[in-house]
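Chemist: Below is the sequence, then the predicted model.
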Amino acid sequence: MRRRKFITLLGGAAAWPVVASAQPPMPVIGFLHSGSAAAYAALVAAFHRGLNESGYVEGHNIAVEYRWAEGDNGRLPELAAELVRRPVDVIVTPGSTPAALAARAATATIPIIFTSAADPVKIGLVVSLNRPGGNVTGISDIGVELGAKRLGLLHELLPQATRFGALVNPNNPSLAEPFVAEVQAAASAIGRQIEVVAAITNRDIDAAFALLVKRRADGLLVSPDALFVTHRVQILALAARYAVPAMYFRREFADAGGLMSYGSDLSDQFRQNAIYAGRVLRGEKPADMPVHLPTKFEFVINLRAAKTLGIEVPTSLLSHADEVIE
C-alpha cells in the first residue's frame, strides 16, 4: 500500500469514533399549564416520578419545556404556539383543561396528553373515551361530575343550610358552565339554592367572598379549576376570615387548613400523564390509547377547621372520610 494512501486512511479512521458516538437528539416534552410553577411544584415532582417510571430523567435522556400561564388563560394559545414552533415531540397539559384546549387548537399532529376535569368528549378533546382518535388522549379527572357529590357532603354537614355559594372562573367556561349546571340541579333536588360568584383575579376573589357573606350563603363549593389551586392560600384565608364552611375539590386545600375536600388523586394524575407521554415517545399512537379514568377518590375532613368554625361533624360523615385531620 502506498504511504500517502495509508496516511489518508488513517486520517479517515480518526473520525470514526466521533461519528459512532454521536447521539440522537434528546426528545422534548412541552409542558403547558394555566397555573404557576410555585403552586404546582409538588405535582410537577409527581410528573417527574411518572417520567422516571417510564425510563426518562429530565436533563439526562429527556428535556422538558415548561410554559406557565400564571392564572391568565388568555396567554395559553400563544404559549401553545411557542411549543409547536419549538417543536416538541409531545405536549402534556396535566391538570389544566384550558391548556388542553389551547394545545388541541394549536396542533393536529403533535401528540397531546391531557388531564381534564371536564368531560373530554363533550368539550371536543376526543371522539370517545375508548378510541380517542386524532392526536389527543389522556386522563379524565371527572371533577365536574363530582359537583353533586360534593354538595351532598356539604349538605350532610350543614343540614339546616338553605343557600350555598359556588365559586367559578368565568374564563374557563368548559368547566364553569357544566359545574354550575351540575350543582344547581343537585341543589334543586334537595330544595336548596345556589348563589354563583365568579372570580379571575385576587380582587375578584375578595369581592366574591364579600358578596357571599352579604347574600348570607351558608356554605361554599369551589369549582375544580387550576386558577383556584394557584390562589388557594387566599381562598383559605378568606374562608377563615368570614367563617364560610367550604368544600374543596383537592385534598391540598384540606391539608392546608380547609374544612373538607373530595376528589380524585391529582398527584397520581400528573404521574399518569407522564407515563402516557412516555408511551407515546416509545411509539404508541394517542388515537389508540383509551382515556384513563380515576379509580381512587379521597374524602378529607379537617376537624381543626371544623372546631374553629364551631361546627360539630356528625359521626356518619366521619365514618365516610378517607382521612380525618385532627
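Modeler: That came through, no problem. Not measured: the values here are computed from a predicted model.
Chemist: Which residue would you name as the spatial centre of this protein?
Modeler: Central residue of the chain (C-alpha atoms, centre = their mean): G95, 1.4 Å from the mean position.
Chemist: OK, contacts around that one?
Modeler: G95 is in contact with 33, 35, 40, 43, 115, 141, 226, 229, 266, 269-270, counting by C-beta atoms under 8 Å, 6 or more residues apart in numbering. Placement of C-beta: from N, CA and C, glycine included.
Chemist: Not counting residues beside it along the chain, what's closest to it?
Modeler: Counting by C-beta to C-beta, 6 or more residues apart in numbering, T115 is the residue found nearest to G95 once chain neighbours are left out, at 5.1 Å.
Chemist: ok, which stretches of the stretch 101-250 of the chain are strands?
Modeler: Along the stretch 101-250 of the chain, the stretches classed as strands by DSSP state E, counting those that start in this stretch are 112-116, 136-140, 163-168, 193-198, 219-222, 246-248.
Chemist: Just send those strands back as CSV, with distance to A287 and mean neighbour count too.
Modeler: Listed next are these as CSV, based on distance: least, C-beta to C-beta, whole Å; neighbours: other C-beta atoms under 10 Å:
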stretch, distance to A287, mean neighbour count
strand 112-116, 11, 30
strand 136-140, 7, 26
strand 163-168, 33, 23
strand 193-198, 36, 18
strand 219-222, 35, 25
strand 246-248, 35, 28
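Chemist: circling back: for the residue nearest to G95, which residues count as its bridge partners?
Modeler: I139 (DSSP bridges).
Chemist: Quick check: it vs L79, distance?
Modeler: Remark: distance between T115 and L79 (C-beta to C-beta, to the nearest Å) = 17 Å.
Chemist: One more: L212?
Modeler: For L212 relative to L79 (C-beta to C-beta), the value is 33 Å.
Chemist: Compare these two (neighbour count), which wins?
Modeler: Set side by side, L212 and L79 show more neighbours around L212, with 25 against 21, by other C-beta atoms under 10 Å.
Chemist: residue contacts, that one?
Modeler: 165, 195, 197, 220, 242, 244.
Chemist: Report the two of those residues separated the most.
Modeler: The span of the contacts of L212, defined through C-beta to C-beta, is set by E195 and Y242 at 13.9 Å.
Chemist: what does the domain assignment say about this protein?
Modeler: The chain breaks down by automatic domain parsing into domains covering 28-141+265-295, 144-264+298-325.
Chemist: start to end distance for the longest one?
Modeler: The reference is to domain 144-264+298-325. 25 Å (C-alpha to C-alpha, to the nearest Å).
Chemist: model confidence over that domain, on average?
Modeler: Summarised as a single mean, pLDDT over domain 144-264+298-325 is 96.
Chemist: where do the helices sit along the stretch 1-150 of the chain?
Modeler: Secondary structure of the stretch 1-150 of the chain (DSSP state H, counting those that start in this stretch): helices located at 3-13, 16-21, 41-53, 76-85, 97-106, 147-157.
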